[in-house]
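Peer 1: sequence and predicted structure, then a few things I'm wondering about:
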Amino acid sequence: MKLATWNVNSLKVRLPHVLDWLAANQPDVLCLQETKQEDSQFPVDELQQAGYQAVFSGQKTYNGVAIISKAVATEVVYGLPGFPDEQKRLIAATVNGIRVVCVYVPNGQSVDSDKYRYKLAWLAALREWLKQELGRYPKLALLGDYNIAPEDRDVHDPQAWAGNVLVSEPERAAFHALEQLGLRDSFRLFGQPEKSYSWWDYRMMAFRRNMGLRIDHILLSAPLAQNCTGCAIDRAPRKLERPSDHAPVVADLAG
DNA sequence: ATGGCTTCATAGTGAAGA
């Protein structure tokens, strides 16, 4: 069982990369963020030809999430329950007996902004809902673009980023509050290369210089973490022409 | 250097991302 997440920064632009990546990697589940397209535009047929079905929640220009899977997705939830929001940032479904939650956490813009307060409120609501969801579904995976680098080792230059949005203490506390629900950061269940990141700015040749952050994560509940045999960031798509600024993250589960 | 790229919506620029 292979679970993956990828912020594609426009599914319309990135569809060729996504189809190539699915063909090469054959994940059972791929969660997408920033699809940036309305549901009527979603490439259902192209994915079906690749052997995948999808559930999705999109909007024009911004946000948008989807769960692509080989097996049928059931019990679909659209949006974060208890947090009315025009922004399409969460979709959840059951696939192969696993509760898959796909999130695009708000960016927060800057720590003194309304968007930052919205980010923290969104994360608090996510935690409250997940508490219930874990009661109903012990086998739960939370995948997505968290827009949080949990520790300094997830930041290429911690001094330059100190206190900034994506690394600030309240954001990190919100991340750790998710872990306190019993979720494990699958990436850190294993030894990893130093300076492992999942996002690099388009500017300043940041990817070539590996000036990145690790902000895309796969958190697993205990029964899934026990069976997790590996987690890795796939940098290959970031090297392509017209890449997303994020790389896919993949977790393997035994069975 | 608060910029640098990229996308989208739009028809020359502005917002937003992270």
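Peer 2: Perfect, I can see it now.

Peer 1: which residues touch the residue minimising distance to the centre of chain A?
Peer 2: By CA atoms, centre = their mean, chain A has its centre lying nearest to A:Gly144, at 1.1 Å. Listed by CB atoms under 8 Å, 6 or more residues apart in numbering, the contact set of A:Gly144 reads A:5, A:7, A:31, A:33, A:65, A:101-105, A:216-217. Using the backbone N, CA and C atoms, a C-beta is placed for each residue, glycine as well.

Peer 1: which of the three states applies to it?
Peer 2: Look at A:Gly144: counting by DSSP: H, G, I helix; E, B strand; the rest coil, its state is strand.

Peer 1: give me the pLDDT value at it.
Peer 2: You'll see A:Gly144 listed with a pLDDT of 98.

Peer 1: among the contacts of A:Gly144, which are within reach of DNA strand B?
Peer 2: Contacts with DNA strand B within these, as defined by CB under 7 Å from any atom of the strand: A:Asn7.

Peer 1: hang on, A:Ile218 is in a strand, isn't it?
Peer 2: Yes. Assignment of A:Ile218 by three-state DSSP places it within a strand.

Peer 1: how near is it to DNA strand B?
Peer 2: From A:Ile218 over to DNA strand B the distance is 17 Å, taken as CB to the nearest atom of the strand, to the nearest Å.

Peer 1: any idea how many residues pack against that residue?
Peer 2: Neighbourhood size, A:Ile218 [other CB atoms under 10 Å]: 23.

Peer 1: tell me the contacts of it?
Peer 2: A:Ile218 makes contacts with A:3-5, A:141-143, A:185-187, A:231, A:249-251, as judged by CB under 8 Å, 6+ apart.

Peer 1: please apply the same query to A:Ser69.
Peer 2: When contacts are taken as CB under 8 Å, 6+ apart, A:Ser69 is in contact with A:28-30, A:52-54, A:93, A:95-96, A:100.

Peer 1: tell me the mean pLDDT for stretch A:80-91?
Peer 2: 96.

Peer 1: pull out the buried residues from it.
Peer 2: Going by neighbour count (16 or more other CB atoms under 10 Å), the buried part of stretch A:80-91 is A:80, A:88-91.

Peer 1: could you dump those residues to TSV with secondary structure?
Peer 2: Formatted as TSV, these follow (three-state DSSP):
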residue	secondary structure
A:Leu80	coil
A:Lys88	coil
A:Arg89	coil
A:Leu90	strand
A:Ile91	strand
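
Peer 1: which one of those is nearest A:Glu171?
Peer 2: A:Arg89 (15.6 Å; CB to CB).

Peer 1: who's in contact with the closest residue to that closest one other than its chain neighbours?
Peer 2: With sequence-adjacent residues excluded and distances taken as CB to CB, 6 or more residues apart in numbering, A:Arg89 is closest to A:Tyr104, at 4.6 Å. Residues counted as contacts of A:Tyr104 (CB under 8 Å, 6+ apart) are A:7, A:33-34, A:63-65, A:88-90, A:144-145.

Peer 1: for A:Val65, see how far away A:Tyr104 is.
Peer 2: Separation of A:Tyr104 from A:Val65 (CB to CB, to the nearest Å): 5 Å.

Peer 1: do A:Leu126 as well
Peer 2: Going from A:Leu126 to A:Val65 by CB to CB gives 13 Å.
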